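Q: build me a model from this:
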Amino acid sequence: MPTKSSTIIPQDIAQLPAPGWNIPSSFLFSPDNNQITYLYSPGRNLINHLYGFSIETGETRELVAPGYSGATEDNLSPEEKLRRERQRQMALGVSQYFWANKTPKLILPLQGGIFILDEPDQPIRQLVDGSQSPALDPQISPDDQWVAYVQKEELHVMPISGGEPRQLTFGAGESGKTHGLAEYIAQEEMARSHGFWWSPDSGSIAYTEVDETHIPEFTIVHQGQSKIEDVTRDAIRYPFAGQPNAIVRLGVVNCQDGSTTWLDLGEETDQYIARVNWAPDGQLVVQVENREQTSLELILFNLKKGSRSTLLVEKSDTWINLHDLFLPLNGFGKSGEPGFIWASEQTGYRHLYLYDGIGKLIRPLTSGEWMVDSVAAVDQESQMVYFVSTCESPLEAHLYAVSYIGEEPRQITNQSGMHTVIIDREKTKYIDICHSTQNPPRITLRSLMDNSELAVLFNEVDPRIDQFHLAPPALVKFTNRTGTTLYGALYLPPKEYGEDPHPLVILVYGGPHAQMVSNGWNMTSNLRAQYLRSLGFAVFIMDNRGSARRGLEFEGAIRHNLGHLEVEDQEDGIYWLLKQNYTRPGQVGICGWSYGGYMAARCLASSSGLFTAAVAGAPVTDWDGYDTHYTERYMGTPLTNPAGYQAGSLLNSTDGINGKLLIIHGLIDENVHFRHTARFIQALIAGGKSYELLLLPNARHSVRSPSDRAYLEDKISQFFLTHLRNGK
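A: As a prediction, the model looks like this:
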């Protein structure tokens, strides 16, 4: 642990990216595999430029600077702002790009339009004007001849060489529907950002039609504007738990004649289109999930024959965790040949399975009490699958290779920590973004065969690391009251605060689909934790039951009963810290955002009396006020699980709140609406409970304004200084 106090101030916490994280991102290999492109902010201010690195010469050059596109969110359309919010995207400038499939052209969505970089030394040219209406989600056809996009709720295509766009779909605007856009639930909760998909022959496009007109509008008013004419409103068709979802159907439009064939997804309409994949032979595979999220059917459409069949059905007594690990192979559609790779949690851990081309299981490819995070590449020629997993440790992520015959996986990365990998098109090299609690991200180009280092792509030292005296927390593990192993990260104050027990702040998330503790630089660069530590607090972060990357049993323990086992585990973490003499009773605070805000308030209301003060940021206070797909996965509906909803509601637990409470909420939060806090305040008033309130009038769920972020960090630290340290 450090021996000096840091020089961190709240404005430093508000500055993004965090120390050590101003690194290149969005790496891609060029079609000829000779160049690596990436985004990077040379000003360390989230304003990205596009760069290219020559593998042959080692030369780096700037390809596109963002000056002409503006560098603030004020220049973005409302549609783009909401899309960025749902993707939690903070970067500006060149925030997205992609290569053509075979030709050296780069496609760049900029300021609502679509631009093309034909050659590295040429200026970019505008393909689609988005100044009046943004061109959303551009995608290039497999033959590199067309770019498809959505404009004014309709699907269009434009020749990549330029010319006149062709509108493929009609009637959406007049009916209140959209064509080719992912609905709110798909974007926010299902990790499906696309609403259309090119066929392999570039002759047709599968697309969704979304009808939300039957969902009542939920209005959010932008009341923090100084001019009355700027006081606008968002009218969001928000599907609350147990209430109607959007009606989504899937069609395939012929790009030549514009005719659409609507696909038969079954008699049940209250379901989710989870994923859409084209197979190499031109068949279409649609993943359809039931509303309860306990069954996932892979439906196969042979459009040439007009047939429909079931390729595979995945079922779970807990819930289905969606993923992007349906990987069709060249043998798709052929019996006895490797046809596709699929990931399943049927053993309790996500593993890879090899199927033949008609859906018959050939063999498992991986197994064990660990899980596959992602597949980085499939080399069909050598019949090798490259994947990232927790095999080494649930606190790390490493790259492995396994053959189709399913031998023991071969570990490729060997440096401890977290590895993000991008494999080249020839399956000979890979980009390794490696970091740990001890080391900030370092990016190298490496051999896929022997892991030897071929080039250093990024290894800059952020001066703030030394300036702030950042040092890693201690990674610890302990067992809870049921004997389950839990992991935590402990930050102790500088030695100037003495060796005695310290006031404690728990930083919590606690919800499913997320992991907070890992052997990653994100632990060391957590400036909120480091700042609180510098003020004399011990800070603790832990992953309770329900958290991700520990298997379905660990995650699914909270099913239909949110806010109980998670609190128990956080309490057991405190008991462990008390036993180790790191803290003392009566000086324990907790702070979290979103699910973490819910957890902070739940912990304060706990009958254990362990918690003295809580900061609840953007808390979900009653699950009937959150969206369908997320809430119902874990809780069912208010109709099927009324006892769970009642027991998990903060509105019903205010009697237990006897400590100090600070609630923070953005007034234009479109994810966890301010209504959650308003209802909670009403319950606190009814129960005669005291609270403090910090409102951020122009903040959504992500607090995007640096001044807002600095202000709330200052208020959080002052709150804990007042109620945990100064009075003791």
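Q: tally of neighbours for residue 501?
A: Using other CB atoms under 10 Å, residue 501 has 16 other residues around it. Any C-beta I mention is one placed from the backbone N, CA and C, and that applies to glycine too.
Q: for it, which three-state class applies?
A: Per DSSP: H, G, I helix; E, B strand; the rest coil, the secondary structure class of residue 501 is coil.
Q: ramachandran angles for it?
A: Note on residue 501: its backbone torsions stand at phi -60, psi 150 [degrees, to the nearest 10].
Q: isn't it up against residue 585?
A: No - Residue 501 lies out of contact with residue 585 (CB atoms under 8 Å); the separation is 9.4 Å.
Q: give the residues shared as contacts by these two.
A: Counting by CB atoms under 8 Å, 6 or more residues apart in numbering, residue 501 and residue 585 have no shared contacts at all.
Q: return the helix or strand in this protein with minimum mean pLDDT.
A: Of all helical and strand segments in the chain, the minimum by mean pLDDT, DSSP states H and E falls on helix 78-86, at a mean of 65.
Q: and the strands in the stretch 501-650 of the chain?
A: For the stretch 501-650 of the chain, applying DSSP state E, counting those that start in this stretch gives strands covering 504-508, 538-543, 588-593, 613-617.
Q: for residue 45, which of these is the nearest?
A: Closest of the strands of the stretch 501-650 of the chain to residue 45 is strand 588-593, at 23.4 Å (criterion: CB to CB).
Q: that closest one packs against which elements?
A: Judged by 3 or more CB pairs under 8 Å, 6 or more residues apart in numbering; DSSP states H and E, strand 588-593 is in contact with strand 504-508, helix 595-604, strand 613-617, helix 706-720.
Q: quick revisit: how far does the next helix or strand after the least confident helix or strand of the chain sit from its chain's centre?
A: Counting by DSSP states H and E, the next helix or strand C-terminal to helix 78-86 is strand 92-93. Here strand 92-93 is found 19 Å from its chain centre; the criterion is CA atoms, centre = their mean, to the nearest Å.
Q: C-terminal to strand 92-93, what's the next element?
A: strand 98-99.
Q: who does that next one pair up with?
A: Sheet pairing of strand 98-99 (DSSP bridges) gives strand 106-110 (antiparallel).
Q: and the contacts of the strand it pairs with?
A: Residues from elsewhere that reach strand 106-110, judged by CB under 8 Å, 6+ apart: 37, 50, 63-64, 66, 68-69, 94-100, 114-117, 124, 127, 135, 138, 140, 147, 160.
Q: what subset of the residues you listed is buried?
A: Among these, those scoring as buried are 37, 50, 63-64, 66, 69, 94-100, 114-117, 124, 127, 135, 138, 140, 147, 160 (criterion: 16 or more other CB atoms under 10 Å).
Q: take those and keep only those in strands.
A: Among those, DSSP state E puts 37, 50, 63-64, 98-99, 114-117, 127, 138, 140, 147 in strands.
Q: nearest to residue 186, of these?
A: Closest approach to residue 186 among those (CB to CB): residue 138, at 18.0 Å.
Q: quick one: which helix or strand includes the nearest residue to the closest one once chain neighbours are set aside?
A: Using CB to CB, 6 or more residues apart in numbering and skipping residues adjacent in sequence, the residue nearest residue 138 is residue 149, 4.4 Å away. Element membership of residue 149, judged by DSSP H and E, is strand 146-151.
Q: strand partners of that strand, parallel vs antiparallel please.
A: In the sheet, strand 146-151 lines up with strand 136-140 (antiparallel), strand 154-159 (antiparallel) (DSSP bridges).
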